[in-house]
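K.L.:
Let me see the structure of the following:
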Amino acid sequence: MQGVTDAEMNARQRAIAAEIARGPRGRVGTLMRLWLHSPDVAEHAQRLGGYFRLQDNVPGPLVEMVILLTARKWRCEYEWVQHEPAARAKGLDDAIIEAIRREARPPFTDPAAAAVFDFAAAMLDRHGVDDATFSRLMALYGPRGIVDLSVLIGHYIHGAILLNAAGVGRGENVDPPFPTAAAPAAE
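P.N.:
Residues are numbered from 1 along each chain as shown. Next up is the predicted model:
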């Protein structure tokens with residue numbers, strides 16, 4: 001499935017695309033063009049994504065860490081390839097990025113980063129968190145942080161699902177971002 005092209009857009013889609021281009025993204029990307037098949041989804045989803053680019057409660061590097069963790073768990077190569085450079089640009093440590101790529105727990109030195117990672121990993125793996133993990137995150141970011149991070153995870157899951165369903169990959173001339181499993185030995 002392809003995204004909506006400029007030539008295919010009706011007046012409402014063009015208006016939403018213009019709003020996206022004026023926003024923090026500065027362009028109408030691949031995922032947004034897919035959303036535009038459903039203008040109501042596009043309108044609301046792009047505003048929610050814009051919020052996460054501008055919110056000031058959870059630091060930007062940790063937001064990008066959660067996005068990368070979500071992309072990895074959903075094996076969404078496109079999402080990973082788009083957000084890995086953003087994570088580096090916002091200062092997320094290379095060791096954290098590489099650990100997430102390998103599906104390992106990163107070597108944290110920052111307790112806040114560890115708390116955010118543990119919360120996101122638990123939500124993605126077990127669909128819930130234990131009291132200690134919840135309390136650590138609550139102490140750092142309060143109820144708003146719990147809401148923001150929970151919705152951030154859901155927002156990037158829905159993006160990963162759509163990108164994967166539409167068959168959007170990492171792009172041409174881009175190395176696979178995730179290690180591949182070794183082929184089983186022949187019997």
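
K.L.:
Low-confidence stretches in this structure?
P.N.:
Counting by pLDDT under 70, the low-confidence segments of the chain come to 181-187.

K.L.:
Geometrically speaking, which residue is the centre of it?
P.N.:
I67 (3.0 Å; CA atoms, centre = their mean).

K.L.:
Spit out the contact partners of that residue.
P.N.:
By CB atoms under 8 Å, 6 or more residues apart in numbering, the contact list for I67 reads E79, H83, A87, L152, Y156. Every residue, glycine included, has its C-beta placed from N, CA and C.

K.L.:
okay, those in a markdown table with neighbour count, secondary structure and distance to R33 next?
P.N.:
Shown next, in a markdown table, are the contacts of I67 (neighbours: other CB atoms under 10 Å; DSSP: H, G, I helix; E, B strand; the rest coil; distance: CB to CB, whole Å):
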| residue | neighbour count | secondary structure | distance to R33 |
| --- | --- | --- | --- |
| E79 | 25 | helix | 15 |
| H83 | 23 | helix | 18 |
| A87 | 24 | helix | 23 |
| L152 | 23 | helix | 22 |
| Y156 | 26 | helix | 17 |
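
K.L.:
out of those, what pair is the most spread apart?
P.N.:
A87 and L152 (13.6 Å; CB to CB).

K.L.:
what about stretch 93-108, how long is it end to end?
P.N.:
9 Å (CA to CA, to the nearest Å).

K.L.:
Next, the buried residues of it.
P.N.:
Neighbour-count burial for stretch 93-108 flags D93, I96, I97, A99, I100, R101, P106, F108 (criterion: 16 or more other CB atoms under 10 Å).

K.L.:
Mind listing residues that contact the helix or strand hosting the fourth one?
P.N.:
So the one you mean is A99. In this structure, A99 sits in helix 94-101 according to DSSP states H and E. Residues from elsewhere that reach helix 94-101, judged by CB under 8 Å, 6+ apart: 65, 68-69, 72, 80, 84, 87-88, 105-108, 113, 117, 177-179.
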